[in-house]
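S.K.: coords please:
(one chain, ligands or ions: 1)
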Amino acid sequence: VPMPWWPDTKWKQMVSGEICEMCSDAHLATNPYSDLIGSSLSSYTRLSRNQSQPGYSIVIFRRHVSDLSELEPAERASFVEDVVAVSKAISSLFVPVKIDLLMMGHLCPHLHCHVFPQYQEDDPHAPVDLNRQERSLTHAAQQQRLESMRSLIRFT
Ligand SMILES: [Zn+2]
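M.R.: The predicted structure is shown next:
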């Protein structure tokens, strides 16, 4: 059964940041969804716990804005540079065939970009589903992956 959009009052609180999960946990070393790779002046970069797509990361803008259009050109450029730096690190470590960049926000309207690699075995016609498979690494392997990413990304 399709659900309608969020109740109006709740959505307004989500957009304003009054209620926002990312404001509470984007900076933490670890949270239920991801681990912190590092941070720049404009963003926090996190490695997803779900590594079904090796390297899958999320770049989260530092302060609460709900849309790219709300940023000044310089901070928008800086955010995009962070996304590019993460993409390059994933490319170099895991050699995907394509990296999809997804900026959505219908579940959490705090500006963020999913850096979602696609691999040779992935069906390009399948609908995009960030959680179509679940694969968590061991703690040690996740830590090692975080270190590999950190060694390749120069945060500004
Ligand atoms: Zn927020």
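S.K.: what's around Gln142, how many residues?
M.R.: By the measure other CB atoms under 10 Å, the count of residues near Gln142 is 18. The C-beta positions use only the backbone N, C-alpha and C, and glycine is treated the same way.
S.K.: so it lies in a strand, does it not?
M.R.: No: read with DSSP: H, G, I helix; E, B strand; the rest coil, Gln142 is helix and lies in no strand.
S.K.: and the helices in this protein?
M.R.: Counting by DSSP state H, the chain has helices at residues 8-16, 21-25, 73-94, 139-152.
S.K.: among those, which is the most enclosed?
M.R.: helix 73-94 (a mean of 18; mean count of other CB atoms under 10 Å).
S.K.: got the residues of this protein near the ion?
M.R.: Contact residues, the chain versus the ion (CB under 5 Å from the ion): Gly17, Cys20, Met22, Cys23, His64, His110.
S.K.: and the pLDDT at the first one?
M.R.: Going back to what we said before, that points to Gly17. What the model reports as pLDDT for Gly17 is 97.
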